[in-house]
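Undergrad: turn this into a model:
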Amino acid sequence: MNRHGRRATLILAAALVAAPSLSAGEIHDAARRGSLAEVRALAAEDPAQLNTVDGNGGTTLHWAAFRGDDELVGYHLQKGVAVDAK
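TA: Residues are numbered from 1 along each chain as shown. From the prediction side, this is the model:
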């Protein structure tokens, strides 16, 4: 990949993380921010939310892993979320 391609990829990745998705729910926004307390509270209301996909095609586990948030990833694994979601 040339220099311009790498730059475009980095800009796109930053935009996807910084901007809320058009169809992301509160739980996706909380996972994107790394708010374990908020993810837990929202999942307590409806655990199925943990396996939903946002407008970017990401689940709350995807966002936790993308952030490198071991605690949030661990929470997802304890809850038995789909680890092979696409």
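
Undergrad: what's the neighbour count on Ser35?
TA: Ser35 has 17 neighbours, counted by other CB atoms under 10 Å. In short, each C-beta sits where N, CA and C put it, glycine included.

Undergrad: can you tell me the centre-most residue of this structure?
TA: Nearest residue to the geometric centre of the chain (CA atoms, centre = their mean): Trp63, 2.3 Å.

Undergrad: report the contact partners of Ala43.
TA: Neighbouring residues of Ala43 by CB atoms under 8 Å, 6 or more residues apart in numbering: 27, 49-50, 79.

Undergrad: what do you get if the cut-off is 10 Å, keeping everything else the same?
TA: Contacts for Ala43 were tallied using CB atoms under 10 Å, 6 or more residues apart in numbering; they are 27, 30-31, 49-50, 60, 75-76, 79, 81.

Undergrad: buried ones in the host helix or strand of the residue nearest to the centre of the chain?
TA: Element membership for Trp63 (DSSP states H and E) is helix 60-67. When burial is assessed from 16 or more other CB atoms under 10 Å, helix 60-67 yields the following buried residues: 60-65.
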